[in-house]
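> predicted model follows, preceded by the sequence.
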Amino acid sequence: MTFVDDTADLLALRPGDPGYDEELAGFQTGLPQRPAVVFPVSSADDVITAVRYAAAEGLPVGVQATGHGLPDASEGGVLITTRRMDRVTVDPEARTARVQAGVRWGQVVAATEPFGLAPLNGSAPGVGAVSYTLGGGLGILAREFGYAADRVRSLDVVTADGRLRHVTLESDPDLYWALLGAGHNFGVVTELEIDLVPVRTVYGGSLTFDGQEVDPATVLRAYEEWTRTVPDELTSALAVIPYPDVPALPPHLRGRYVVSVRVAHTGANGDELVAPLRRVGPVLGDSLREMPYAEAHTIYNDPDVPNAYHGDGVVLRELDPTAAGELLKLTGPGAPTRCVVQVKHLGGALAEPAPNSVPYREGRFVLQLLAAGDRETARTLLDPAFALLADATLGRSLNFAAGAGDRTEGLYDDGTRKRLAGLKAQYDPANLFRRNYAISAR
């Protein structure tokens, strides 16, 4: 355990040091992390020191806030942990918030709710706001308001030259474009200024079906047809989940194979809109209701206990119910490992152009698969599952590439990839930031 710079007093943790393993801990436990140096940072100045150290030593840099989307291939590199940078500042008149690099979405929702405002956060309150946004950010209200990346006013970022830049669309249009959609490939973002939306309440919750009583493929087909009829103010997803039989779960979910349709709607006729789904079959659970936006995370009830998982996500131009039905058979209760399938409806504001590098806006759905256990077992299930929908696949989704950081193909269309590569050569010619879904500077 050493201090890198006497003026910055920046702690550097190395393998074997007290606190090293604890500093690496995060939500994803399936990817072992063994960086050569870990820098627990508390300020932008700390980040500058860490980046300059890495550049001088020629070591790759990764960034970790909550550990949901871990930087891959950490062996021998530098890891900057940002969770101590956790300040949220709200300007209710401007309808903006400033969030530091380690802030979780739950903190932002809690800070903005008293003003009747909401961020474009995701479904899990424990996810880091900054990394989520840099990957695009497909949130609870996405069809109405777009990607989280579409509502960023400015970014403070430490680039590979060890310089802190304040980046806006007006000041640095190219770097702004690259940062929003390319993850941590262009530097360490220390703070974002984001727009907030005037939302106090939503009609939301889930309709749950027992997958042993109602064919999941039947629910999926009805869901796909239903999405063709809903307004942009309604954002939804379908999840197929084999729940383990453990006491921590509610009794009605233990050991069941469950199909769940999750809904968030800001309009007034929610019950009328979801009526066709209630007619699909016997309902195991129905939590749809008007709720304060601060409770919107209950729509998805994402797990908050760290676990091991690997997965990926693809953007689909269409969802072929027949092919998707085959995918459900492959990933169902007979699969070699427990697999969660989630289909998220796109369109609406998500299809509108924006000055950032979030690709595949013409897609109708995102399909996400998460498999429990080690990467090798997961890939034997995920690869043939995704192959079933290859003809309708536009590309992969960076936010949902969970533990697939060794695979960079398909994350961007050709035009976006080439532009990103050109900017990478300009801002990071030594490829310092190559541990988070690297973009080649070629």
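That came through fine.
> show me where the stretch 201-350 of the chain has helices.
For the stretch 201-350 of the chain, applying DSSP state H, counting those that start in this stretch gives helices covering 216-227, 270-278, 321-331.
> those helices into CSV, with extra columns for mean pLDDT?
Formatted as CSV, the helices of the stretch 201-350 of the chain follow (pLDDT from 0 to 100):
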stretch, mean pLDDT
helix 216-227, 97
helix 270-278, 97
helix 321-331, 95
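> mean neighbour count and distance to Gly410 added to these, as TSV?
Quick note: C-beta positions are derived from backbone N, CA and C, even for glycine. Putting the helices of the stretch 201-350 of the chain into TSV (neighbours: other C-beta atoms under 10 Å; distance: least, C-beta to C-beta, whole Å) gives the following:
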stretch	mean neighbour count	distance to Gly410
helix 216-227	19	23
helix 270-278	16	32
helix 321-331	18	18
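> show me where the stretch 51-200 of the chain has strands.
61-64, 78-81, 88-91, 96-100, 152-158, 164-168, 188-195 (DSSP state E, counting those that start in this stretch).
> please work out which of these is packed deepest.
Highest mean neighbour count among these (mean count of other C-beta atoms under 10 Å): strand 61-64, with a mean of 28.
> C-alpha coordinates for that one, PDB please?
What follows is strand 61-64 as a C-alpha-only set of coordinates in PDB (Å, rounded to 0.1, in the frame of the first residue of the first chain):
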ATOM      1  CA  VAL A  61      -7.100   1.900 -17.400                       C
ATOM      2  CA  GLY A  62     -10.500   0.600 -16.300                       C
ATOM      3  CA  VAL A  63     -13.200   2.400 -14.300                       C
ATOM      4  CA  GLN A  64     -15.500   0.800 -11.700                       C
END
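> in its sheet, what does that strand sit against?
Applying DSSP bridges, strand 61-64 is found paired with strand 78-81 (parallel).
> mean confidence score for the partner strand?
Confidence over strand 78-81 (mean pLDDT, whole number) is 94.
> identify all contacting residues around it.
Strand 78-81 has contacts (C-beta atoms under 8 Å, 6 or more residues apart in numbering) with 23-24, 33, 35-41, 47, 50-51, 53-54, 57, 59-65, 71, 102, 188.
> go on, stretch 174-181?
Defining contact as C-beta under 8 Å, 6+ apart, one finds that stretch 174-181 is touched by 133-136, 149, 152, 155, 157, 159, 165, 167-169, 185-187, 189, 355-359, 398, 416, 419-420, 423-424, 426-427.
> now, the residues you listed that are in helices?
The helices, defined by DSSP state H, take in Thr133, Leu134, Thr416, Arg419, Leu420, Leu423, Lys424, Gln426, Tyr427 from those.
> how far out from the middle of the chain is stretch 368-376?
Using C-alpha atoms, centre = their mean, to the nearest Å, the mean C-alpha position of stretch 368-376 is found 16 Å from that of the whole chain.
> now do the strands in the stretch 201-350 of the chain.
Secondary structure of the stretch 201-350 of the chain (DSSP E, counting those that start in this stretch): strands located at 201-210, 234-242, 257-265, 285-286, 289-292, 309-316, 339-345.
> reformat those strands as a markdown table; add mean neighbour count and distance to Gly325.
Shown next, in a markdown table, are these (neighbours: other C-beta under 10 Å; distance: least, C-beta to C-beta, whole Å):
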| stretch | mean neighbour count | distance to Gly325 |
| --- | --- | --- |
| strand 201-210 | 22 | 15 |
| strand 234-242 | 23 | 11 |
| strand 257-265 | 23 | 12 |
| strand 285-286 | 14 | 23 |
| strand 289-292 | 14 | 31 |
| strand 309-316 | 23 | 14 |
| strand 339-345 | 23 | 11 |
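> still on that earlier bit, please tabulate the strands of the stretch 51-200 of the chain in CSV, including the columns distance to Ala308.
Below are the strands of the stretch 51-200 of the chain laid out as CSV (distance: least, C-beta to C-beta, whole Å):
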stretch, distance to Ala308
strand 61-64, 16
strand 78-81, 19
strand 88-91, 30
strand 96-100, 28
strand 152-158, 31
strand 164-168, 35
strand 188-195, 26
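> so which of those comes closest to Asp9?
Asp9 lies closest to strand 78-81 among the strands of the stretch 51-200 of the chain, at 15.8 Å (C-beta to C-beta).
> at the geometric centre of this protein, which residue do we find?
Closest residue to the average C-alpha location of the chain: Asn399 at 3.9 Å, with C-alpha atoms, centre = their mean.
> grab the nearest non-local neighbour of it.
Closest residue to Asn399 apart from its sequence neighbours, by C-beta to C-beta, 6 or more residues apart in numbering: Gly135 at 4.0 Å.
> need the phi and psi values for the one you found.
Main-chain dihedrals, Gly135, degrees, to the nearest 10: phi -90, psi 0.
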